[in-house]
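Q: Make a model of this:
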Amino acid sequence: MSNPAVDLHRASAGYEDRILWASLDLQISPGEFVAVLGANGTGKTTLLKVLLGLRRVSAGTVRVLGASPHRGDRRIGYVPQQRSFDPALMLRGVDMVHLGLSGHRWGIGRRSLVDRARVERALDHLGATEYSGASIGSLSGGQQQRLRVAQALVSDPELLLADEPLLSLDPSSQKDVVGAIDSHRHSTGAAVVMVTHDINPIQSSVDRILYLAAGRWASGTPDQVLASDTLSELYGTQVDVVTVRDRVVIVGAPASTEHSSDFDHVHEIESHAVQQG
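A: Residues are numbered from 1 along each chain as shown. Here you go, the predicted model:
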């Protein structure tokens, strides 16, 4: 049996006045696709920062690909939260993707035929070849997002961490990006951890869901995630889960735990059920 790609044991993270999540036990196997769900301010991005070695846990242990998390681990591909590029930025799309191979090196250097082939393959895989010669700043948010994913995959990482990678993408483009990520993990055995607010575009690919809420957590397979009784226990208040036209609608879940205890009148996530972690 192979070692976990990600292994958290009784791990906790938060701030002096607030716990994001506590006593988190999570083992992710090579080739497994895990979606991370939860309201704003529950520590989804913090979890990715911990796995990247950008932040330490306040308790417990964390192992990533058999080692303690550390900055600059080239075995990890990362798609950060989307931010707009300066329209004046003249970096071409193809150059941005190439940084996924050479960003750790000083200077520009000469690109090998192997590296160029890998970049071309990544661009083609994400359907981004057509505009790869254009400057990043001139591209749409959706085009930029495809290039970010291509950059994260070009080095054939053993672990892909993605923070809302489907933002700014229409349904067709979401399907293309999810297909590229799914194809990569099946062909390489890479594990995938994806933060998302909408499980629908990935529900046919995802193996397991981690749900973060109010300092607590729940995990399970897609067929076990998002059940009324478990979410009610997780949030400490009544939460109803109903199905409307094959869509699961959560009623009563907090929109954010960061600055408010207000509740959404309807908080919608397409998925199935939950198993308390």
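
Q: Could you look up the next helix or strand downstream of the longest helix seen in the chain?
A: Longest helix of the chain, by residue count under DSSP state H: helix 171-188. Going down the chain from helix 171-188, the next helix or strand is strand 191-195, by DSSP states H and E.

Q: Now do the contacts for the nearest residue to residue 251 once chain neighbours are set aside.
A: Counting by CB to CB, 6 or more residues apart in numbering, residue 251 lies nearest to residue 240, which is 4.5 Å off, once chain neighbours are set aside. From N, CA and C alone the C-beta is placed, and that goes for glycine too. By CB atoms under 8 Å, 6 or more residues apart in numbering, the contact set of residue 240 is 228, 250, 251, 252.

Q: Using pLDDT, spot the least trustworthy of the residues you listed.
A: Lowest pLDDT of these: residue 250, 74.

Q: what helix or strand is it on?
A: If you go by DSSP H and E, residue 250 is part of strand 247-251.

Q: swap in residue 62?
A: Assigned by DSSP H and E, residue 62 belongs to strand 59-64.

Q: which of the residues in that strand are buried?
A: 62, 63, 64 (16 or more other CB atoms under 10 Å).

Q: mind listing the helices in the stretch 1-150 of the chain by residue range?
A: Assigned by DSSP state H, counting those that start in this stretch, the helices in the stretch 1-150 of the chain fall at 44-51, 93-102, 113-125, 141-153.

Q: On the pLDDT front, check the residue most central in space within the chain for me.
A: The residue lying closest to the centre of the chain (CA atoms, centre = their mean) is residue 194, at 2.2 Å. Note on residue 194: pLDDT of 98.

Q: Look up which residues are beta-bridged to it.
A: As for beta bridges, residue 194 partners with residue 35, residue 162 under DSSP bridges.

Q: mind listing what residue 182 touches?
A: Residues in contact with residue 182, defined by CB under 8 Å, 6+ apart, are 33, 205.

Q: same thing with residue 173?
A: Contacts of residue 173 by CB under 8 Å, 6+ apart are 127, 142, 146.

Q: how about 10 Å then?
A: By CB atoms under 10 Å, 6 or more residues apart in numbering, the residues touching residue 173 are 126, 127, 142, 143, 145, 146, 166, 201.
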